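S.K.: 3D model of this:
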Amino acid sequence: MPDERLSIERELLQPLPSLRLLIGAPSVIRKVDRPSCVRYAAARYSVPTRLIKTNVAVVVDHGALCIVEPATGVTVAERELGAPGSASVLDDHYNGPAQHPTEGRHGSTC
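M.R.: A predicted model of the protein is given here:
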């Protein structure tokens, strides 16, 4: 009888909420695209190229956008929030100004 009840209850069970205390604004997870950028609020922000195809956490605090590598907790980029449609690109993320990648066939950069 307990085995039958457990099989029914498993469908109803959910994970317990985290007991970890969150301080500040909640983060949003974004995937870094091939041009080494993440999108947030319709704007693009560059991150170091080593993070291409990985997920990063994006946190907004007091008008600043912080991009954090979740595995280490290290902030990899910090910028002012950009207007929708804008791009914030740092040359250091591409090892200098001549190294900016292009996106797809259109030839646009972040």
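S.K.: okay, now the unreliable bits of this structure?
M.R.: In the predicted model, the chain carries pLDDT under 70 at residues 21-22, 96-110.
S.K.: confirm that Ile29 sits in a strand.
M.R.: Yes. Applying DSSP: H, G, I helix; E, B strand; the rest coil, one finds Ile29 inside a strand.
S.K.: is it in a bridge, and if so with what?
M.R.: Residues in a beta bridge with Ile29, per DSSP bridges, are Ala57.
S.K.: likewise Glu78?
M.R.: According to DSSP bridges, the residues that bridge with Glu78 are Cys66.
S.K.: that one against Ile67, yeah?
M.R.: Yes. Between Glu78 and Ile67 there is a contact under CB atoms under 8 Å: 7.3 Å. Any C-beta I mention is one placed from the backbone N, CA and C, and that applies to glycine too.
S.K.: name the residue in those two with the higher neighbour count.
M.R.: Ile67 (24 against 13; other CB atoms under 10 Å).
S.K.: could you pull out the strands in the chain for me?
M.R.: Listed in chain order, the strands of the chain (DSSP state E) span 28-31, 37-40, 43-46, 55-61, 64-69, 74-80, 87-88.
S.K.: make TSV out of those and add distance to Glu11.
M.R.: Listed next are the strands of the chain as TSV, based on distance: least, CB to CB, whole Å:
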stretch	distance to Glu11
strand 28-31	27
strand 37-40	36
strand 43-46	41
strand 55-61	29
strand 64-69	35
strand 74-80	40
strand 87-88	46
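S.K.: deepest of these, which one?
M.R.: strand 43-46 (a mean of 23; mean count of other CB atoms under 10 Å).
S.K.: contacts made by that one with the rest, please.
M.R.: For strand 43-46, contacts defined as CB atoms under 8 Å, 6 or more residues apart in numbering pick out 35-39, 65, 67, 77, 79, 81-90, 93-94, 110.
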